[in-house]
Each structure stands twice: as structure tokens, then as C-alpha cells.
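Asker: The following comprises the amino acid sequence and a computationally predicted model.
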Amino acid sequence: MIKFFLMVNKQGQTRLSRYYEHVEINKRTMLEAEVIKNCLSRSKDQNEMAVYELIHNFVEVLDKYFSRVSELDVSFSIMFNLDRVHIILDEMVLNGCIVETNRNRILAPLFVLDKVAES
């Protein structure tokens with residue numbers, strides 16, 4: 001079961017966090033700092049293939065949704081569209097379990113929101 005999802009840049013700054021169980025804010029900060037420290041300093045990757053697949057799929061979905069944005073602007077697009085990124089993640093993971101991997105199904109609610117916003 002996935003306890004939380006954390007997206008961090010190479011400088012160790014949190015860009016996205018989503019928790020699937022209650023963790024107090026002050027404990028989140030300490031937990032995120034510890035995870036970031038361990039990930040940035042590790043010498044060998046010991047994650048399971050399923051987690052790699054989830055991360056890969058998440059990145060592909062972000063790429064598909066933000067396809068009209070250049071690679072240099074993707075980080076800013078994510079930062080300024082966190083609501084959209086959270087919707088994507090929520091479509092993929094529910095209560096810590098992977099529930100959807102199909103990109104079209106994941107993005108369907110966002111495309112509906114985008115159409116409504118354009119109207």
C-alpha cells in the first residue's frame with residue numbers, strides 16, 4: 001500500500017506531496033526531509049518494479065496533459081497547476097492503492113474540466 005506520494009526536484013525541494021493516511025503537518029515536514037535525504041544520498045536503488053512503473057506512467061500522463069508546454073516550462077506548469085496534478089494523481093491512486101493506469105481514463109476528467117473552463 002502506498003502511504004504517500006512525493007515529487008521532489010534535484011535540489012531536494014518538494015514540488016508535490018499527497019498523503020493517503022493522516023499525518024500531522026509538522027511530522028510531514030520531518031518525514032519528507034528524511035525521505036529526500038535518503039533518496040538523494042543513496043548509492044543503490046532498491047525500489048520495486050511496480051513503483052517504477054507507477055512513476056513512469058505518472059510522468060507519461062503529465063507529459064500527455066502538458067504536451068503543449070516545452071520541457072523547460074514543465075516544472076512551472078506543474079507548480080502553477082497543482083490542482084490538475086492532484087487530480088491526475090487521485091485518478092491513479094486511491095487510498096494508497098493503484099486503481100487506474102490507462103492514460104485516457106486518467107485524463108478524461110481534466111479534459112472535461114478544460115472544456116467547461118473554455119466555455
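Answerer: Looks like it arrived, so ask away. Source: prediction; values computed, not measured. Numbers count the residues shown, from 1 in each chain.

Asker: tally of neighbours for residue 64?
Answerer: Residue 64 has 13 neighbours, counted by other CB atoms under 10 Å. Every C-beta, even on glycine, is put in place using the N, C-alpha and C of the backbone.

Asker: Can you list the buried residues in the lowest-mean-pLDDT helix or strand in the chain?
Answerer: Sorting the helices and strands of the chain by mean pLDDT, DSSP states H and E puts helix 74-80 at the bottom, at a mean of 77. Neighbour-count burial for helix 74-80, counted by 16 or more other CB atoms under 10 Å, picks out 77-78.

Asker: what's downstream of it, the next helix or strand?
Answerer: Note on helix 74-80: by DSSP states H and E, the next helix or strand toward the C-terminus is helix 82-92.

Asker: Over that next one, what's the mean pLDDT, rounded is fine.
Answerer: Helix 82-92 carries an average pLDDT of 94.

Asker: if we can go back for a sec, and the least confident helix or strand of the chain, what other elements does it pack with?
Answerer: strand 14-19, helix 49-65 (3 or more CB pairs under 8 Å, 6 or more residues apart in numbering; DSSP states H and E).

Asker: mind putting those in CSV, distance to residue 41 included?
Answerer: As requested, the helices and strands packed on helix 74-80 are exported to CSV (distance: least, CB to CB, whole Å):
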stretch, distance to residue 41
strand 14-19, 17
helix 49-65, 19
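
Asker: by how many degrees do the helix or strand harbouring residue 29 and strand 14-19 diverge?
Answerer: In this structure, residue 29 is located in helix 25-41 according to DSSP H and E. Angle between the axes of helix 25-41 and strand 14-19 is 120 degrees (criterion: axes from the mean of the first three to the mean of the last three CA atoms, to 10 degrees).
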